[in-house]
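**Student:** Could you work out the structure for the sequence below:
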Amino acid sequence: MRYPDIDIGLLRCFACVTDQGSFTAASHVLRVTQSAVSLQIKRLERLIGKRVFDRTSRSIVLTQDGELLLTYARRMLALNDEIIRRILVAPLRGHLRLGVAEHFLPRHIPTILSEFLSTYPDVQLEIETGRSSDLRASYKRGQLELLIAEPGGADDIGQPIMSEELVWTAARPGAMPEHMGVAGHAIRLVLRTPGCPFREAALDALQQAKIPYRIVYTSPGLLAVIAAAEAGLGVTVVGHSALVTGLAELAGLPSLGTLEMSIFGAIEEDKHLAGTLVEFIRNRLPSTVTKSPDVPGNDPLA
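**Tutor:** Numbering: from 1, shown residues only. Below you'll find the model as predicted:
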């Protein structure tokens, strides 16, 4: 019996929909229409004779067959991309010192950078994370060649990469004291140390709305703040993409606006390594953020 061949493009579309969580978000990443994405998924399902997604009006969920297919799809895509790199694409080599603000996609950036190093094994990255102010100082001293952080001022010009909604968050219902945020009680805040844009946004919003608060826990590290909020110590502010299982977004508090993130460093076309890395990250931004217009780069597999 001869089995049908699966078009690698169908598998790439299927994996993209899974990663992005919706047909619409996947269409933006793949740069095709939503109807084209839907058509490709239907073609894939007809080919294998199985449904890969359970669709509702609000979400899509992998079926059991879809979960099995995804495992093989990722292996096939990785092998396909390796073939292309080895045969068609000039090897990417070099060394790059990269600084990443701790609040830039904390749940996603380690995976993205790991995938980049797997894709380009001849590249050497030195990655430093931390507060934007500290990283910016290192960048100005020449200790970093590329920096991802929020703009620092009118004379601090970078190339925008994304913007993200800031949200109030606290431990999920049942773990947070019932009086938290109720009228007559000061909101307990869990924040990073002064200089953090999340802290500044939170305090400005509460002061303008004349909402009482008290800071009960402070740490320079984002992960420590998130852990404290998960434990029910108080309310904190994160980027929407940083919401974790133990935290829930809070309603009824003043808007925090958005945070803009930019790339600082030489990413022109003559800087092949930096441009490729930037474009690699751009093409893997989660659907919860807003991409800025393309910056120069060269990711042949994006």
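**Student:** centroid residue for this protein?
**Tutor:** With the centre of the chain defined as its mean C-alpha position, the nearest residue by C-alpha atoms, centre = their mean is L105, 4.1 Å away.
**Student:** Point out where the chain drops to low pLDDT.
**Tutor:** Filtered on pLDDT under 70, the chain yields the residue ranges 1, 57-58, 89-90, 153-156, 173-184, 267-271, 293-302.
**Student:** Do you have the strands of it handy? List them.
**Tutor:** 53-55, 60-62, 94-101, 123-130, 146-149, 159-171, 187-192, 213-219, 236-239, 247-249, 258-265, 290-291 (DSSP state E).
**Student:** Out of those strands, which is closest to F198?
**Tutor:** Closest approach to F198 among the strands of the chain is made by strand 236-239 (4.4 Å; C-beta to C-beta). Quick note: C-beta positions are derived from backbone N, CA and C, even for glycine.
**Student:** partner strands of that closest one, parallel or antiparallel?
**Tutor:** According to DSSP bridges, the neighbouring strands of strand 236-239, each with its direction, are strand 159-171 (antiparallel).
**Student:** can you give me the angle the strand it pairs with makes with strand 187-192?
**Tutor:** Comparing the axes of strand 159-171 and strand 187-192 via axes from the mean of the first three to the mean of the last three C-alpha atoms, to 10 degrees yields an angle of 140 degrees.
**Student:** Number the chain from 54, please
**Tutor:** With 54 as the first residue, the last one maps to strand 212-224.
**Student:** what's the angle between strand 212-224 and strand 311-318?
**Tutor:** For strand 212-224 against strand 311-318, the angle between stretch directions is 140 degrees (the same axes, to 10 degrees).
**Student:** so how far is strand 212-224 off the chain centroid?
**Tutor:** Mean C-alpha position of strand 212-224 versus that of the full chain (C-alpha atoms, centre = their mean, to the nearest Å) differs by 10 Å.
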